[in-house]
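**Student:** need coordinates for the below:
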Amino acid sequence: METRSSTDLPPVSTEYNGKDRNAFLFGWIPQTELWNGRLAMIGFLAYLV
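**Tutor:** Modelled structure (predicted):
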């Protein structure tokens, strides 16, 4: 049975830059941009309904 390095990762791994992906980082980072877009879509949908 062969092993693959892409699937043999632990369930919680660090990002390639060495920082935790779920750590709280203040400022306009890609994660906050995603949440901003999601909440804007929810607000727009609620406005239409």
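
**Student:** please identify which helix or strand holds T32.
**Tutor:** T32 belongs to helix 30-48 when assigned by DSSP states H and E.

**Student:** now do the same for R21: its pLDDT.
**Tutor:** Here, the pLDDT recorded for R21 equals 62.

**Student:** what of the one 4 residues further on?
**Tutor:** If you check L25, the pLDDT there is 70.

**Student:** so it, which of the three states?
**Tutor:** coil (DSSP: H, G, I helix; E, B strand; the rest coil).

**Student:** which residue is the nearest non-sequential neighbour of it?
**Tutor:** Q31 (7.4 Å; C-beta to C-beta, 6 or more residues apart in numbering). Where you see a C-beta, it was placed from the backbone N, CA and C, and this is true even at glycine.

**Student:** do I have it right that that neighbour meets R38?
**Tutor:** No - using C-beta atoms under 8 Å, Q31 is not in contact with R38, being 10.9 Å away.

**Student:** who has more neighbours out of these two?
**Tutor:** More neighbours surround Q31 than the other of Q31 and R38, with 13 against 10 (other C-beta atoms under 10 Å).
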